[in-house]
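> Sequence first, then the predicted structure:
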Amino acid sequence: MTDFAIYDMDRMITRSGTYTNWLLFWAVRQAPWRLLLLPMAGINGLLFVLKLIDRKQVKQLNQLMLMGRRIKRSRLAPVVDAYADRVMARNCLPKAIAQIAADKAEGRRVVLATASHRFYVEGIAKRLGVTDIVATGSVWDRDRLSWRLDGRNCYGSDKRKMVEAWLAADGAPRGHVRFY
């Protein structure tokens, strides 16, 4: 039997959310002029609050504005690495890092389940020593990242469904599952 420790990332492992920080990190380094579009992100947030667009649409529109339509993997990779280093240095909660280490030492399989985008979560997970990830996916066109999400945003009830599907697809005999 495999015991699992499933962690949400934002505000569980990290002090603050990572998605907005990622978009700002990208824009500052790759296209500072896109920061002029930040008021539009605020409008997207208002449209979400008014229930005129959903969470997935907010994420897609903000990524389009602050990152662009398509990003080559070779251009994305070094920025993801720099961002993951920054998250680990400035945004991780020491108690969460210690708990992940304890869960691993006790033989639990650690999984990150997060609404954050898989393309940058992978860098953070690697630094945490975590290989199993359930996260919001992105559409890739060969070696280019699109601004569109692939499937559901890994949030709320969709996160639960995605974790359940991942556990079923993984096939490991399930023992105790704990969520953080």
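That came in fine, so what should we check first? Numbers count the residues shown, from 1 in each chain.

> Once you drop chain neighbours, what's closest to residue 1?
Using Cβ to Cβ, 6 or more residues apart in numbering and skipping the chain neighbours, the partner closest in space to residue 1 is residue 175 (3.4 Å). All C-beta spots, glycine's among them, are computed from the backbone N, C-alpha and C.

> So the one you found: helix, strand or coil?
strand (DSSP: H, G, I helix; E, B strand; the rest coil).

> Distance-wise, check it relative to residue 55.
Computed as Cβ to Cβ, to the nearest Å, the residue 175 to residue 55 distance reads 32 Å.

> the more surrounded of the two?
Using other Cβ atoms under 10 Å as the criterion, residue 175 and residue 55 rank with residue 55 on top: 16 against 12.

> Kindly state the pLDDT recorded for the nearest residue to the more buried one once chain neighbours are set aside?
Of all residues not flanking residue 55 in the chain, residue 153 sits nearest, at 5.1 Å (Cβ to Cβ, 6+ apart). We note a pLDDT of 96 for residue 153 in this prediction.

> just checking, residue 153 touches residue 60?
No: Residue 153 lies out of contact with residue 60 (Cβ atoms under 8 Å); the separation is 9.2 Å.

> Name the SS class of the residue nearest to residue 55, please.
In three-state terms, and counting by three-state DSSP, residue 153 is coil.

> got the phi/psi numbers for it?
Residue 153 adopts backbone torsions of phi -80, psi 130, taken as degrees, to the nearest 10.

> residue contacts, it?
By Cβ atoms under 8 Å, 6 or more residues apart in numbering, the contact list for residue 153 reads 54, 55, 56, 59, 115, 136.

> Now go through these and say which are in strands.
115, 136 (DSSP state E).

> are any of the contacts of residue 153 buried, and which?
Buried subset of the contacts of residue 153 (neighbour count, 16 or more other Cβ atoms under 10 Å): 55, 56, 59, 115, 136.

> The fourth one against residue 157, yeah?
Think residue 115. No: Residue 115 is not in contact with residue 157 according to Cβ under 8 Å; the separation is 12.0 Å.

> Spatially, what comes nearest to residue 143 if we skip its sequence neighbours?
residue 73 (4.5 Å).

> swap in residue 146?
residue 139 is the one closest to residue 146 (Cβ to Cβ, 6+ apart), at 4.0 Å.

> again with residue 62
In this structure, residue 62 finds its nearest non-sequential neighbour in residue 41, 4.9 Å apart by Cβ to Cβ, 6+ apart.

> if I pick the one you found, what's in contact with it?
23, 61, 62, 65, 66.

> Kindly report the same for residue 126.
Residue 126 sits in contact with residue 84, where contact means Cβ under 8 Å, 6+ apart.
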